[in-house]
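Q: please work out how this folds:
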Amino acid sequence: MSQQMAYFEGNFVPIEEANLNVMTHAFNYGSAVFEGIRGNWNPAHEELYLFKVREHIDRLVQSARILRMNGTYDADEISNLVVELARRCDYKEDMYIRPMVYKSGLDIGPAIHSVEDKLLIYVRPLGDYLDPNAGATVMTSSWRRVDDTSIPARAKVSGLYVNNGLATSEAKQNGMTEAIMLNQDGHVSEGAGENLVMIRNGVLISPPQSDNILEGITLDTALFLASEKLNLPVERRTIDRSELYIADELFMTGTAAHVTPVTEVDRVPVGDGQPGIVSRKLQKLFFDAITGELTEYESWLIPVYGE
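A: Coordinates of the predicted model:
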């Protein structure tokens, strides 16, 4: 029987026992970094597949380094803990794993260089974050994407996500599914919780890392599949806001969102206002890959119960 558990202070414990002191630096100052790893359940295989665990943990370690985390975090060790925690939780459904490195000291003051840090990991069930069939309606947010010289966007810093949260709430309160954030120069950066890909004249175009995007693992995977399986050209370049209104297709990518077509931007239909053909093909390819249906990409997956 499945149960929510966590890896906390060096032990596997029930989730209700994984509690922080209210004085914890990470709670008071947002001084934590995290990752999101999907576990995708395939009922026909009776298997839960974890997607690109090591790549996510490598990014976690990178984020920790940027935030001056003092502990020594071994990517192999953390990856093994992630798989073991997933196994102990025994989910037979889609789920989500969140590893975090957080400033665990009870220090007063925002300085981060001398504060103790620790690792925690928790698991929870998670179905569709965005409706994969309906497609997403989005709006350009009035909130600008945080700049690398403010809080590095390539690091998944917990405090940074207030920026995303303001944009997401603005979009939802205006009847939209999600927000598109522009960078400080007014160019397209990414969604509030996803990377963005535009298709124009048969070319898949996504903003470069220098436009303050998260270096997306799902994004890289989708662009790889587009190139390798659909023989489509891929380009990384700056995107103007107005280009979104004349795109043939748009889609968003992310750990939670997978590959989700966008059907409307700022009340302007994308193409014919329906999920695009290429977006749909990529969505299916990606879903087949992450659920173990494409054996050529089995190296991307860790089967939780079949090892």
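
Q: so, low pLDDT: which residues of the protein?
A: The chain contains residues with pLDDT under 70 at 1, 130, 307.

Q: where does the residue in it sticking out farthest from the centre sit: helix, strand or coil?
A: Computed with C-alpha atoms, centre = their mean, the residue of the chain farthest from its C-alpha average is residue 108, at 30.8 Å. At residue 108 the chain is in coil, as set by DSSP: H, G, I helix; E, B strand; the rest coil.

Q: and it, how far is that from residue 116?
A: Separation of residue 108 from residue 116 (C-beta to C-beta, to the nearest Å) stands at 14 Å. In short, each C-beta sits where N, CA and C put it, glycine included.

Q: do residue 139 as well
A: From residue 139 to residue 116 the distance is 41 Å (C-beta to C-beta).

Q: of these two, which one has the most company?
A: Neighbours around residue 139 and residue 116, counted as other C-beta atoms under 10 Å, are more numerous at residue 139. The numbers are 20 against 14.

Q: quick one: residues contacting the more buried one.
A: Counting by C-beta atoms under 8 Å, 6 or more residues apart in numbering, residue 139 makes contact with 170-171, 174, 176, 179-180, 265-267.

Q: let's see it at 6 Å
A: 171, 174, 176, 266 (C-beta atoms under 6 Å, 6 or more residues apart in numbering).

Q: go on, residue 104?
A: Counting by C-beta under 6 Å, 6+ apart, residue 104 has contacts 116-118.

Q: can you tell me the closest non-neighbouring residue to it?
A: The shortest distance from residue 104 to any non-neighbouring residue, by C-beta to C-beta, 6 or more residues apart in numbering, is to residue 118 (4.2 Å).

Q: ok, the one you found to residue 66 distance?
A: 17 Å.

Q: between these two, who's got more neighbours?
A: Between residue 118 and residue 66, residue 118 has the larger neighbour count (other C-beta under 10 Å), namely 19 against 14.

Q: please, which helix or strand holds that one?
A: Using DSSP states H and E, residue 118 falls within strand 117-125.

Q: over to residue 197?
A: Assigned by DSSP H and E, residue 197 belongs to strand 195-200.

Q: in its sheet, what does that strand sit against?
A: Next to strand 195-200 in the sheet, as set by DSSP bridges, lie strand 203-206 (antiparallel), strand 249-254 (antiparallel).

Q: who is the nearest residue to residue 84 once chain neighbours are set aside paired with across the strands?
A: Leaving out its chain neighbours, the residue that sits closest to residue 84 by C-beta to C-beta, 6+ apart is residue 12, at 7.5 Å. When bridges are called by DSSP bridges, residue 12 pairs up with residue 7.
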